[in-house]
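**Q** Can you look at this prediction? I've put the sequence above it.
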Amino acid sequence: MSVRRAASRVVGTLVSLGMVAVLGFFLFRVLPGDPVLTLTRGRPVTPGEVARLRHEFGLDRPLVTQFVDYAASLLRGDLGRSYFYDQPVARLIAERVGPTLLLTGAALVLSVSLGVWLGQWAGWRRGSAFDRAATAAAVVGWSVPAFWLGLLLLMAFGGPLPTGGMVTPGSDASGAALAWDVARHLVLPALTLAAVQFAQYTLTMRASVLGELGEGYLTTARAKGLPEDGVRARHVLPNALLPTVTLVFLMLGQVIGGAIAVESVFSWPGLGYLAYQALSAPDLPLLQGTFLVFSATAVVSNALADVVYRLIDPRLRGT
């Protein structure tokens, strides 16, 4: 990648992040509900105490002043303080990043592995029963909402497998026992997230394989006596994987953002569940912080996809 293009990509990424920060601030100001009234609901508070809380949160100041203060804090790396938890937003996000990365990482491995395997064989055996079944499964997976599928899995496997949380409540397990407990809790949410993500990898891989079948280098490989499995593994797959690898990076942001519904269904203690809890308040600083993290992940993933594609595709190197 040329220096000019790299600089342009960096500037574009920074501009996108700035627009995300601005959008996040004003977007959540139009949400229905009053944070102060929600926090004091069911408590005997006086109008003076309500006014004091509004002043403490800065909600009594003009919107422009609130935005200037928010932007200045953001430039210092300060995401604000949560209304509900009364803790720095950055600390709350840092505590929830691990569970979200564990969930999305497991789902990503499952969805990519399944999608690439199904897609390559569906494309290689175009028109077969396997191709029709794999394509149908991908279309169904693409169409099913994550929260609905999660509820179905809860009803079907809620007995043998844990239905919520990351560890068993009250458990003092450690070491291998703790890892096994977390793994059991991870099964249903990871399967749910993977089931709605693998479809795109399947269909992309299938289309890439179909695009390679008519290339002349396959005829040359067969003429040299290479068996069909060798043609597929050594020639078709390396070239067909290029769009899929790029799609993986493009989907990173969407996978993390899509974890909101799954984490909410399974009470998984990650960023998605934190955002869901913040939305019910509404906890404006926490909403802004989680929105910024989700959006920044998508923006950076798109930038990485461009870089990776140029690294793995020799035709684009140096451009």
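**A** Ah, there it is.
**Q** Tell me where the model's unsure across the stretch 201-319 of the chain.
**A** Along the stretch 201-319 of the chain, the model assigns pLDDT under 70 to residues 254, 257-258, 309, 311-319.
**Q** And the helices in it, which stretches?
**A** 216-223, 228-231, 237-266, 271-280, 284-312 (DSSP state H, counting those that start in this stretch).
**Q** Now do the phi/psi pair for P88.
**A** Phi and psi for P88, reported as degrees, to the nearest 10, are phi -60, psi 140.
**Q** Can you report how many residues lie near it?
**A** By other C-beta atoms under 10 Å, the residues close to P88 number 16. Any C-beta I mention is one placed from the backbone N, CA and C, and that applies to glycine too.
**Q** again, but for P285
**A** P285: 25 neighbours (other C-beta under 10 Å).
**Q** wait, isn't it in contact with L79?
**A** Yes - proximity of P285 to L79 meets the contact threshold set by C-beta atoms under 8 Å, at 6.7 Å.
**Q** tell me, what's touching these two both at once?
**A** V89 (C-beta atoms under 8 Å, 6 or more residues apart in numbering).
**Q** neighbours around E215, how many?
**A** Neighbours of E215 (other C-beta under 10 Å): 13.
**Q** what's it in contact with, if anything?
**A** Contacts of E215 by C-beta under 8 Å, 6+ apart are N239.
**Q** Then T104?
**A** 193, 255-256, 259.
**Q** re earlier: quick one: which of the helices of the stretch 201-319 of the chain is nearest G42?
**A** helix 271-280 (14.7 Å; C-beta to C-beta).
**Q** residues of the closest one that come out buried?
**A** Of all the residues in helix 271-280, those buried under the rule 16 or more other C-beta atoms under 10 Å are 271-279.
**Q** Determine the set of other helices and strands touching it.
**A** helix 89-124, helix 237-266, helix 284-312 (3 or more C-beta pairs under 8 Å, 6 or more residues apart in numbering; DSSP states H and E).
**Q** Just the CA coordinates for it, please, in CSV.
**A** Below are the C-alpha coordinates for helix 271-280, written out as CSV (Å, rounded to 0.1, in the frame of the first residue of the first chain):
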residue,chain,number,x,y,z
LEU,A,271,-20.6,-5.3,26.2
GLY,A,272,-23.8,-6.1,24.5
TYR,A,273,-25.6,-6.9,27.7
LEU,A,274,-24.1,-3.7,29.2
ALA,A,275,-25.5,-1.7,26.3
TYR,A,276,-28.9,-3.3,26.8
GLN,A,277,-28.9,-2.4,30.5
ALA,A,278,-27.8,1.2,29.7
LEU,A,279,-30.6,1.6,27.2
SER,A,280,-33.3,0.7,29.7
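**Q** Figure out how far it is from the centre of its chain.
**A** 14 Å (C-alpha atoms, centre = their mean, to the nearest Å).
**Q** For the most centrally placed residue in the chain, give its distance to L191.
**A** In the chain, the centroid-proximal residue (C-alpha atoms, centre = their mean) is I256; its distance is 1.5 Å. Using C-beta to C-beta, to the nearest Å, I256 is found at 17 Å from L191.
**Q** list the contacts for the residue nearest to A107 when sequence neighbours are not counted?
**A** Spatial nearest neighbour of A107, chain neighbours left out: L193 (3.7 Å); criterion: C-beta to C-beta, 6 or more residues apart in numbering. L193 makes contacts with 103-104, 107, 111, 146, 255, 258-259, 262, as judged by C-beta under 8 Å, 6+ apart.
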